[in-house]
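In: build the 3D model from these lines:
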Amino acid sequence: MKVSYLLPLSLLLTAPTQAAQLSLGGFLKTNIKVADGTLPFKEIYDGIMPPGEDTRKTQFSAQESRLNLSLTQGQAKGFIEIDFAGSAQGNSIVSNSYSPRLRHAYISYEGLTVGQTWSTMVNTSTFPESANLGGPLVGEAMVRQAQVRYSFDDNNWQIALENPTTYGKYVITDAQGDTSIKDYSKADDYIPDLVIRRNISGDWGNVSAAALVRALKPADSYQAAIGGSVAGKFNLWGKDDLRIQLHYGNLGRYVGTGAALDIYNGELETILGGTVAYRHFWNDNLRSSIFYGQSTTEIENNNRRQYALNLFGNLTRELVVGVEVGRYDVDDGVTTGRPKDMKGSSNYLQLSMQFFI
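Out: Numbering: from 1, shown residues only. As a prediction, this is how the structure comes out:
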């Protein structure tokens, strides 16, 4: 929905009068999820999977509903977006209340983007269509954060300084053999993360290649943490497409939504992760995606994966219904601080209805 209007006089004292465009977007979404397995129930499967009891659960939820607002005036644009996912304020006994959660809040002007949005590492066109909010998050580059980014050469090149944050832990074992965990939440995050990205696009689709360079401090001095990512969406016959992501290096929190730490036991962690998704259109309104995602780490010895098959259809142009069946597996090996293998799986069935604004 778009509305054109004149900006208030107080905002125009230093700029010529011109019309601005206001756009409201987002969607309303309701999920019904049924899960059965040897892992704890999760509303959204990400890379973090703590041990827990076997779970059989059905949950109805509307917390993934999303609203955004954009304001465009000439070359300047402002954008803000909220949703309610993972921000429980009440409980399912009475109110099912959820607090608004900031997803994006940024300003862009002539190639410069300042504020919170997708990391420059993220190629959103390669996310598969999924009932499970982004699909196989465990293998995807999926980070939003504050940054300063400059895009040039028709957006074919991007360079960004992004918010530095260390995600890590150190396992301490005392003389009695008891373990405790020291985290890096108070680490010296002093030097911004640097991301350089190259985009190539055409009628065939698009490919992006990104390099991440960070200064992490696992001990008493900084070390260079380096990783790379390649992602692409390829248009096939008809409306079909293939979507691929591949990541390797000291990428830590940038890949797998928590599957890999930046630092583990005083060493820089290395992750190998990726996703592949194929979408097929049965007709103009009916399509299916099959996808797979996995990530493994070298030091903590994590191995986590998700795969699924779905079917989506449009009842109207704005109203979409879908059904997805899938499985999430954890096959972590023994490592320091974990007394035994962490293994398990969860099968799920998810129904969704989504109304786009």
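
In: show me where the stretch 51-200 of the chain has its strands.
Out: Assigned by DSSP state E, counting those that start in this stretch, the strands in the stretch 51-200 of the chain fall at 55-61, 66-73, 76-83, 101-109, 112-118, 144-152, 157-162, 168-173, 179-183, 193-202.

In: the fourth one packs against which elements?
Out: Applying 3 or more C-beta pairs under 8 Å, 6 or more residues apart in numbering; DSSP states H and E, one finds that strand 101-109 contacts strand 66-73, strand 76-83, strand 112-118. (C-beta placed from N, C-alpha, C; glycine too.)

In: now do 6 Å
Out: Packing partners of strand 101-109 (3 or more C-beta pairs under 6 Å, 6 or more residues apart in numbering; DSSP states H and E): strand 76-83, strand 112-118.

In: again with the last one
Out: Identification of packing neighbours for strand 193-202 by 3+ C-beta pairs under 6 Å, 6+ apart yields strand 157-162, strand 205-216.

In: please identify the most buried of these.
Out: Mean neighbours per residue, mean count of other C-beta atoms under 10 Å, is largest over the helices and strands packed on strand 193-202 for strand 205-216, with a mean of 20.

In: neighbouring strands for that one, and are they parallel or not?
Out: Strand 205-216 has the following sheet partners, assigned by DSSP bridges: strand 193-202 (antiparallel), strand 223-235 (antiparallel).

In: among those, which is nearest Leu24?
Out: Evaluated with C-beta to C-beta, the strands paired with strand 205-216 place strand 223-235 nearest to Leu24, the distance being 27.0 Å.

In: how about the closest one: buried residues?
Out: Neighbour-count burial for strand 223-235 flags 225, 227, 229-233 (criterion: 16 or more other C-beta atoms under 10 Å).

In: where in the protein is pLDDT low?
Out: Along the chain, segments meeting pLDDT under 70 span 1-18, 51-52, 173-180, 185-186, 337-340.

In: longest single strand anywhere in it?
Out: Ranked by number of residues, the top strand in the chain under DSSP state E is strand 19-37.

In: so which elements touch that one?
Out: On a contact count with 3+ C-beta pairs under 6 Å, 6+ apart, strand 19-37 meets strand 2-6, strand 55-61, strand 66-73, strand 342-356.

In: the ones you listed: which one's closest to Arg149?
Out: The closest approach between Arg149 and any of the helices and strands packed on strand 19-37, judged by C-beta to C-beta, belongs to strand 66-73 at 17.2 Å.

In: report the angle between that closest one and strand 76-83.
Out: Orientation check (axes from the mean of the first three to the mean of the last three C-alpha atoms, to 10 degrees): strand 66-73 against strand 76-83 gives 170 degrees.

In: how much space between Val323 and Pro50?
Out: Plainly put, Val323 is 28 Å away from Pro50 if you go by C-beta to C-beta, to the nearest Å.

In: these two: which has the busier surroundings?
Out: More crowded of Val323 and Pro50, by other C-beta atoms under 10 Å: Val323, with 16 against 9.

In: just the element for that one, please.
Out: Using DSSP states H and E, Val323 sits in strand 319-332.

In: give me the contacts around that strand.
Out: With C-beta atoms under 6 Å, 6 or more residues apart in numbering as the test, strand 319-332 has contacts from 45, 49, 131, 302-306, 308-314, 342-355.

In: same check on stretch 134-146?
Out: Stretch 134-146 is contacted from outside by 46-47, 116, 118-119, 121-122, 127-128, 162-163, 229, 245, 254-257, 259, 273-275, 291, 293-295, 304, 306, using C-beta under 6 Å, 6+ apart.

In: weed out the non-buried ones from these.
Out: Buried members of the contacts of stretch 134-146, scored by 16+ other C-beta under 10 Å, are 46-47, 116, 118-119, 121-122, 127-128, 162, 229, 245, 254-257, 259, 273-275, 291, 293-295, 304, 306.

In: Ser289 is in contact with Pro128, correct?
Out: Yes: the pair Pro128 / Ser289 is scored as a contact, 4.9 Å apart, by C-beta atoms under 6 Å.

In: ok, the spatially closest residue to Val195 that is not a sequence neighbour to Tyr264 distance?
Out: Computed as C-beta to C-beta, 6 or more residues apart in numbering, the closest residue to Val195 that is not its neighbour in sequence is Thr120, at 4.0 Å. Here the criterion is C-beta to C-beta. By it, Thr120 lies 25 Å from Tyr264.

In: next: Glu300.
Out: Glu300 is 5 Å from Tyr264, where distance means C-beta to C-beta.

In: with Pro136 instead?
Out: Going from Pro136 to Tyr264 by C-beta to C-beta gives 23 Å.

In: compare these two (neighbour count), which wins?
Out: More crowded of Pro136 and Tyr264, by other C-beta under 10 Å: Pro136, with 34 against 27.

In: skipping adjacent residues, who's closest to the more buried one in space?
Out: In space, Pro136 comes closest to Gly293 once its chain neighbours are excluded; the distance is 2.4 Å by C-beta to C-beta, 6+ apart.

In: quick revisit: tally of neighbours for the residue nearest to Val195?
Out: Using other C-beta under 10 Å, Thr120 has 26 neighbouring residues.
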